[in-house]
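Student: Curious how this folds, go ahead:
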Amino acid sequence: MRPEAEGSAWRGASDVWARRQGEALEAVREPMRGRPKARGWQVAVASAALGMAAAAGSSLAGGCSSPCERSQTCPPEASGATGGGGVPSTCVPSESGAPVDDACGVFVAAAGDDGAEGTKAAPLGTLGAAIGRARENGTARVYACAETFEAEPAVEMPAGVTLYGGLDCAGGWAYAGASDGARTTLTAREGVIPLVMRGGEGVARIEDAAIVAKGIDAGDPAKRGLSSIAAVADAVTVELVRCALKAGDAAPGEDGAAHAEPAQRGGDGSAGNAACSAEIVVPANAPVNACGAPDDPSDDSFGGVGGVALQSSGGAGSPGSPGSAMNGGAGEVATACTPGTAGDNGIDGEPGAGAHGAGEISTSGYTGITGSNGAPGTTAQGGGGGGGAKGGTAAGQCTAGSAGGASGGSGGAGGCGGAGGRGGGAGGSSIALVSLDATLLFEDVTIATGRGGDGGAGGPGQDGGAAGAGGPGGGVPEDAAGLRPGCAGGPGGTGGRGGIGGGGLGGHALGIAHVGAAPPADGVTFAVGEAGAGGVGADEEHGGAPGVKADAMAFAQDERR
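Tutor: The predicted structure follows:
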């Protein structure tokens with residue numbers, strides 16, 4: 001056909017098509033004239049007209065090409081139905097029901113090998129390797145057998161990747177259904193988060209999988225305070241379809257450890273010097289118990305110095321320190337000297353505060369709050385120095401030039417204050433999903449947790465240091481007549497005991513712990529366990545707060561580490 005003839009024929013056909021379209025539209029409108037125009041009537045008219053016009057037009061199409069075909073501007077024909085996100089339905093196991101083709105993505109089985117091709121016949125062996133391969137080859141789709149995969153470390157899943165689980169690998173990699181037995185299960189050893197989904201372009205999508213965090217062995221001291229967390233979503237859009245997120249029981253917090261030894265003991269006092277040994281008989285040095293910083297004597301304990309002894313009188317002993325008790329002995333003047341008395345004991349420390357608050361969430365999981373340590377006890381006072389005795393030169397006494405009496409013994413140093421008890425550790429939390437500024441979309445999802453761990457008890461304060469003994473007074477020569485020995489120093493006091501540590505925070509039981517937008521309530525069911533009790537402190541006031549039981553709990557931005 002010549003071009004002008006072809007154009008004339010097309011124009012004629014177009015006129016016929018337009019006329020028939022008008023007739024069809026009029027035929028639909030006629031019965032509706034005079035009736036109220038119900039909502040949506042325009043759509044009904046248009047749909048009917050288009051259907052009738054299409055039938056009319058089909059008789060004109062044979063042997064003719066359309067204008068878009070001649071100008072090569074027609075859109076490409078559809079290649080078949082597609083699944084979510086433009087994925088061909090043949091690559092979506094739950095839609096096709098047929099074995100998935102190798103070209104759809106990367107295949108992984110628990111018995112596979114990460115060095116393999118990633119096909120159905122030669123699958124990879126770990127989900128982490130399969131996700132990496134799917135990103136590299138551009139398919140961004142992973143197909144996993146309905147088996148259990150144990151991650152070590154956590155599987156990292158970026159945005160833009162889809163994981164299809166629940167496949168029957170013995171049945172040609174066809175969809176096996178969404179029952180618990182037919183899901184792909186991802187787990188990890190105790191205390192390890194099996195799955196971390198991170199942000200980027202696109203959506204991280206998972207179908208027919210169970211992400212299971214193992215419960216923590218409460219009887220293992222090395223695992224105290226560990227949380228059980230199934231998954232983390234970090235600044236990413238996540239779509240979960242027919243999935244289960246399950247966290248196990250968390251571990252209890254560690255009790256505050258007891259101190260192995262008491263605080264430092266005070267040193268014993270020194271003996272006084274003997275009568276008739278000098279014209280002025282001075283006392284020996286008093287002991288010092290250095291309890292704090294080496295260059296800070298304010299919290300050290302000093303025994304009181306014994307009294308000086310002269311020929312005519314004995315001096316008083318000085319009081320020990322710290323403290324205000326005047327516990328030095330009197331020197332001999334008209335009457336005999338007196339010994340120093342004991343130093344005051346230190347004061348016990350105040351108990352530590354119990355842990356309160358929410359704790360912190362991060363890509364590493366959850367960190368609870370430890371109870372505060374108890375306050376230290378105070379240093380005890382040193383014993384007072386003993387009074388000195390007078391000397392003399394009478395018959396049978398001292399010779400001239402060395403007629404001083406016996407000096408007093410020094411007081412013993414006081415014991416150091418005990419350190420405060422250590423705070424109880426936080427109980428671990430049982431959290432199915434930690435969401436950090438993520439967008440979550442659920443379809444037929446189950447979220448379950450175990451029990452939060454109890455907070456640890458505050459530890460006992462350290463015992464204060466024992467008192468040092470007072471030193472004896474100076475003696476007199478055996479053949480001396482009428483001379484008295486110097487008086488003994490007093491013992492130091494016992495250091496104050498440290499305060500009991502505060503109780504740790506009880507662990508949470510949370511379906512979703514989130515920073516940012518609240519998770520949706522649609523498409524998800526929750527089964528949340530019990531929260532952990534707060535740790536025991538010195539009393540109820542100093543105990544830790546219990547954890548929180550909730551389907552979802554918001555954490556503040558400053559509680560995200």
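Student: what about the residue with the largest distance to the centre of the chain, is that helix, strand or coil?
Tutor: Distance from the centre of the chain peaks at A395, with 83.5 Å (C-alpha atoms, centre = their mean). Classification of A395 using DSSP: H, G, I helix; E, B strand; the rest coil returns coil.
Student: right, and it touches D479 too?
Tutor: No: using C-beta atoms under 8 Å as the test, A395 is too far from D479 to be in contact (11.0 Å). To be clear about C-beta, it is placed using only N, CA and C from the backbone, and glycine gets the same treatment.
Student: list the contacts for the closest residue to the residue farthest from the centre of the chain other than its chain neighbours?
Tutor: Leaving aside its sequence neighbours, A395 sits nearest to A481 (C-beta to C-beta, 6 or more residues apart in numbering; 7.1 Å). Contact partners of A481, counting by C-beta atoms under 8 Å, 6 or more residues apart in numbering, are 394-397.
Student: mind listing the strands in the stretch 301-450 of the chain by residue range?
Tutor: Using DSSP state E, counting those that start in this stretch, the strands of the stretch 301-450 of the chain run over 301-302, 360-362, 365-367, 430-436, 439-443, 445-448.
Student: among these, which is the most enclosed?
Tutor: strand 301-302 (a mean of 33; mean count of other C-beta atoms under 10 Å).
Student: among the contacts of A481, which ones are buried?
Tutor: Q397 (16 or more other C-beta atoms under 10 Å).
Student: which one of the contacts of A481 is nearest P262?
Tutor: Taking C-beta to C-beta as the measure, P262 lies nearest Q397 of these, at 46.5 Å.
Student: can I assume the closest one is in contact with A389?
Tutor: No: using C-beta under 8 Å, Q397 is not in contact with A389, being 11.8 Å away.
Student: Pull up the pairing partners for the helix or strand hosting V142, direction included.
Tutor: Per DSSP states H and E, V142 falls inside strand 141-145. Sheet pairing for strand 141-145, assigned by DSSP bridges, gives strand 106-108 (parallel), strand 162-168 (parallel).
Student: Give me the mean pLDDT for the longest one.
Tutor: Okay, so that is strand 162-168. Averaged across strand 162-168, the pLDDT comes to 97.
Student: Please state the offset of that strand from the chain centre?
Tutor: In terms of C-alpha atoms, centre = their mean, to the nearest Å, the centre of strand 162-168 is set 32 Å apart from its chain centre.
Student: Go ahead and name everything in contact with it.
Tutor: 85, 87, 92-94, 100, 105, 127, 131, 140-146, 157, 173-178, 182-184, 203-209, 242.
Student: Please apply the same query to the shortest one.
Tutor: By C-beta under 8 Å, 6+ apart, the list of residues contacting strand 106-108 from outside reads 100, 118-120, 123-127, 129-130, 133-134, 137, 139, 141-145, 149, 173.
Student: Was I right to think C291 contacts G267?
Tutor: No: with contacts counted by C-beta under 8 Å, C291 stays clear of G267, the gap being 11.6 Å.
Student: if you count what's nearby, which of the two comes out ahead?
Tutor: C291 (27 against 24; other C-beta atoms under 10 Å).
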